[in-house]
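S.K.: sequence? don't have it. structure:
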């Protein structure tokens, strides 16, 4: 299966996840929800690296916005380099890894379990060391991902996080209606794939550029980070991701007339903020490439990419990353690079 | 006072902080330590943006390594965009901001205080809104910082974090000896300033480059992040910071023969890991610019910058950032840019 094939497979992967994994997620939520409701668990710690770390950033916003739970992103080096295990007795600890093999992620989860914390592995390999280390496993079930650059496992990781948070919400009496909103994801992914011609136009436009900035805020900050990583590993473009708020603290000095800035700017609470920045960038002569479901935002852009309408803001990142994957793949091709074989890197990275 | 002047002032600023602020930090630690020892506080949440966020990353490693406390980096957008206040009743909440004016940082601290969490403002403006919002204030007392790019307030923030963690450690019976190690910081900063000729050589060497990668791990990950920000805001170079562990998960594909990689690689637990990566990068023909106190690491580099010897690993980031500031300043000059006046950005950024 090629990278292009794995990108195209994402609607079917999401459909299968929702059909086959909801019961397992519900059982995990059944046990965790009373402990969260009783205040026994104060925060969530997530251990992840690379693309999986971007799923962790999505989780940071979703656990925060829907469950008021703060997220600590683990610094696995604390264990692997300094031999210190952070105290996580009162945390829910989640390890996210496609392969389930990264020793430092496995160690973080194993240390948490020894301390008595509830632990969950979100992985595509239910037979992996990570799955064995954790008390519970959410198996992504995407089938083998063979391309070096992760695509379908990323959207499946986001969906796993969304399913878990939604199941917890329903059980602690916050909002049971959101569970039904998950069902819209596979169709939104199908719609997102229709952006391919626009993604190709953007890729051809960017073919000669070595530098680009990618902006997102709130739930879409995760998308900006993952978009930038895909541009780096597939198309060898120095892509720098920012939340709008951090971007104006310094890195704004980097842009100049003609510099390309990509904004992930669908409907939602973050839209007004990004639009204000885009106006300012327009005044500076900066090129603005905008992913949005809002025709007005697309119209104001140098180049636009339409993303699916109809998803609530909290689920939108599962769809907005699809045109990003397509831009990165086509940009690699436009730059004469084989997107199936990024140089120097391997599919499984055994960091310690 | 110019940027160059503020960089040069750092030893005196550190000396003054240690002389005048230790008592205030000790009083805060007197009240917090029993609550940490009793397990009443489970984690630390830090709200910060821009340069201050890099002080937060340093805090993440230091609170973890010396107190086993996990750090959640606040997503201030949760409050400002989504109107949700994360539950932090059992957290120590710290806001870090030079100006103390960022509304989203002030809101994060104010929300935590309303929930009854202990709150600390680390700021250079004791009369600021952030200082008023927090229960306790650590006043950096650096004197006015007029250059847009933060330098002396960053090293003072790191020293404030180091002082707080050290004072807490001494009170919960972990390690009282570390307090004396802080006294070596001003002299180390003086030594670090002596790297200026080497920093100028590196700056001239990099003058024509638009892209660079900066690598650090463990405690020095904060330095890599702040180094990259300084290169962006002062010298308009697309500088991408990574921990070695994340770098090999994808971004490694970006480098090619002649591509410049800067490694912050002093003695310590992370050194072996960075050295292994540097050997691999050397085999790929990548240029390696290395900041280190280890003659062997300098000898193996394309260009080296000596950093002070004699500081323990956990304090080294206060010194290693100094040659980084000098490289960024001289690189701006070498590229014909006025480092005193980065374009587009302002000293105080009022993000919401």
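M.R.: Here it is on my side, so go on. The model shown is predicted, which means the values in this text are computed figures rather than measured ones.

S.K.: Quick check: residues of the stretch 151-300 of chain A near chain B?
M.R.: For the stretch 151-300 of chain A, the residues in contact with chain B under the definition Cβ under 8 Å from any Cβ of the partner chain are A:210-211, A:217-218, A:221, A:229, A:232-234, A:236-238, A:240, A:243-246, A:248-256, A:269-270, A:273, A:284. Using the backbone N, CA and C atoms, a C-beta is placed for each residue, glycine as well.

S.K.: Which ones among the residues you listed lie within strands?
M.R.: Secondary structure defined by DSSP state E assigns A:211, A:238, A:240 of these to strands.

S.K.: Strands of the stretch 101-250 of chain A, start to end?
M.R.: Remark: strands assigned in the stretch 101-250 of chain A by DSSP state E, counting those that start in this stretch are A:119-123, A:136-139, A:211-215, A:238-242.

S.K.: nope, the stretch 251-352 of chain A is what I was after
M.R.: Secondary structure of the stretch 251-352 of chain A (DSSP E, counting those that start in this stretch): strands at A:260-264, A:287-292, A:303-306.

S.K.: Out of those strands, flag the one nearest residue B:120.
M.R.: strand A:260-264 (34.0 Å; Cβ to Cβ).

S.K.: and the closest one with strand A:211-215, angle?
M.R.: Interaxial angle, strand A:260-264 versus strand A:211-215 (axes from the mean of the first three to the mean of the last three Cα atoms, to 10 degrees): 20 degrees.

S.K.: quick one: strand A:260-264 to strand A:287-292, angle?
M.R.: With the same axes, to 10 degrees as the criterion, the two stretches strand A:260-264 and strand A:287-292 enclose an angle of 10 degrees.

S.K.: Mind giving me the packing neighbours of strand A:260-264?
M.R.: For strand A:260-264, the elements it packs on are strand A:211-215, helix A:221-235, helix A:271-283, strand A:287-292, helix A:316-334, judged by 3 or more Cβ pairs under 8 Å, 6 or more residues apart in numbering or on different chains; DSSP states H and E.

S.K.: and of the ones you listed, who's closest to residue A:139?
M.R.: Taking Cβ to Cβ as the measure, the helices and strands packed on strand A:260-264 were each checked against residue A:139, and helix A:316-334 came out nearest at 17.9 Å.

S.K.: Which residue, other than its chain neighbours, is closest to residue A:59?
M.R.: Excluding its sequence neighbours, the residue lying closest to residue A:59 (Cβ to Cβ, 6 or more residues apart in numbering or on different chains) is residue A:161, at 4.6 Å.

S.K.: How many neighbouring residues does the one you found have?
M.R.: Using other Cβ atoms under 10 Å in any protein chain shown as the criterion, residue A:161 is surrounded by 26 other residues.

S.K.: In this structure it contacts residue A:52, no?
M.R.: No - applying Cβ atoms under 8 Å as the test, residue A:161 and residue A:52 come out as separate, 10.6 Å apart.

S.K.: quick one on the thing from earlier: by neighbour count, sort out the buried ones in the residues of the stretch 151-300 of chain A next to chain B.
M.R.: Applying a neighbour-count criterion of 16 or more other Cβ atoms under 10 Å in any protein chain shown, the buried members of these are A:211, A:217-218, A:221, A:229, A:232-234, A:236-238, A:240, A:243-246, A:248-255, A:269-270, A:273.

S.K.: Tell me which residues touch the nearest residue to residue A:200 once chain neighbours are set aside, please.
M.R.: The spatially closest residue to residue A:200, leaving aside those adjacent along the chain, is residue A:330, at 4.8 Å (Cβ to Cβ, 6+ apart). If you count contacts by Cβ atoms under 8 Å, 6 or more residues apart in numbering or on different chains, residue A:330 has them with A:196, A:199-200, A:202-204.

S.K.: Select only the buried ones of those in ChimeraX?
M.R.: The command below creates a ChimeraX selection of those among the contacts of residue A:330 that count as buried (16+ other Cβ under 10 Å):
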select /A:196,199,200,202,203
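
S.K.: Please tabulate the contacts of residue A:330 in JSON lines, including the columns pLDDT.
M.R.: Putting those into JSON lines (pLDDT from 0 to 100) gives the following:
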{"residue": "A:196", "pLDDT": "97"}
{"residue": "A:199", "pLDDT": "98"}
{"residue": "A:200", "pLDDT": "97"}
{"residue": "A:202", "pLDDT": "98"}
{"residue": "A:203", "pLDDT": "98"}
{"residue": "A:204", "pLDDT": "97"}
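
S.K.: quick one: which of the contacts of residue A:330 is nearest residue B:167?
M.R.: Each of the contacts of residue A:330 was checked against residue B:167 using Cβ to Cβ; the closest is residue A:202, at 52.7 Å.

S.K.: The closest one reaches residue A:288, doesn't it?
M.R.: No - in this structure, residue A:202 sits apart from residue A:288 without contact. The criterion is Cβ under 8 Å, and the distance is 11.4 Å.

S.K.: And for residue A:277, nearest residue in space, chain neighbours not counted?
M.R.: Using Cβ to Cβ, 6+ apart, the nearest residue to residue A:277 is residue A:244, at 5.0 Å.

S.K.: show me the contacts for the one you found.
M.R.: Residues in contact with residue A:244 (Cβ under 8 Å, 6+ apart) are A:215-217, A:270, A:273-274, A:277, B:351.

S.K.: let's see 6 Å
M.R.: Residues near residue A:244 by Cβ atoms under 6 Å, 6 or more residues apart in numbering or on different chains: A:215, A:217, A:273-274, A:277.

S.K.: And the pLDDT at it?
M.R.: In this model, residue A:244 is scored at 86, pLDDT.

S.K.: circling back: for my notes, please list the helices and strands packed on strand A:260-264 in CSV and give distance to residue B:342 and mean pLDDT for each entry.
M.R.: Putting the helices and strands packed on strand A:260-264 into CSV (distance: least, Cβ to Cβ, whole Å; pLDDT from 0 to 100) gives the following:
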stretch, distance to residue B:342, mean pLDDT
strand A:211-215, 16, 95
helix A:221-235, 22, 95
helix A:271-283, 15, 92
strand A:287-292, 21, 98
helix A:316-334, 29, 98
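
S.K.: Tally up the residues packed near residue A:180, please.
M.R.: The burial count assigned to residue A:180 is 9, neighbours taken as other Cβ under 10 Å.

S.K.: And it, how far from residue B:273?
M.R.: Distance, residue A:180 to residue B:273, by Cβ to Cβ, to the nearest Å: 47 Å.

S.K.: Which stretches in the stretch 51-200 of chain A count as helices?
M.R.: A:51-67, A:77-80, A:103-114, A:129-133, A:152-171, A:178-181, A:185-193, A:196-206 (DSSP state H, counting those that start in this stretch).

S.K.: For the fifth one, which helices and strands make contact with it?
M.R.: Read that as helix A:152-171. helix A:10-20, helix A:22-37, helix A:51-67, helix A:178-181, helix A:316-334 (3 or more Cβ pairs under 6 Å, 6 or more residues apart in numbering or on different chains; DSSP states H and E).

S.K.: swap in the last one?
M.R.: Contacts of helix A:196-206 with other secondary structure elements, assessed using 3+ Cβ pairs under 6 Å, 6+ apart, are made with strand A:303-306, helix A:316-334.

S.K.: Can you tell me which of the ones you listed is most buried?
M.R.: helix A:316-334 (a mean of 27; mean count of other Cβ atoms under 10 Å in any protein chain shown).

S.K.: From the chain's centroid, how far away is it?
M.R.: Its chain's C-alpha centre lies 13 Å from the corresponding centre of helix A:316-334 when counted by Cα atoms, centre = their mean, to the nearest Å.

S.K.: Let me know the angle separating that helix from helix A:185-193.
M.R.: With the same axes, to 10 degrees defining the directions, helix A:316-334 sits at 30 degrees from helix A:185-193.
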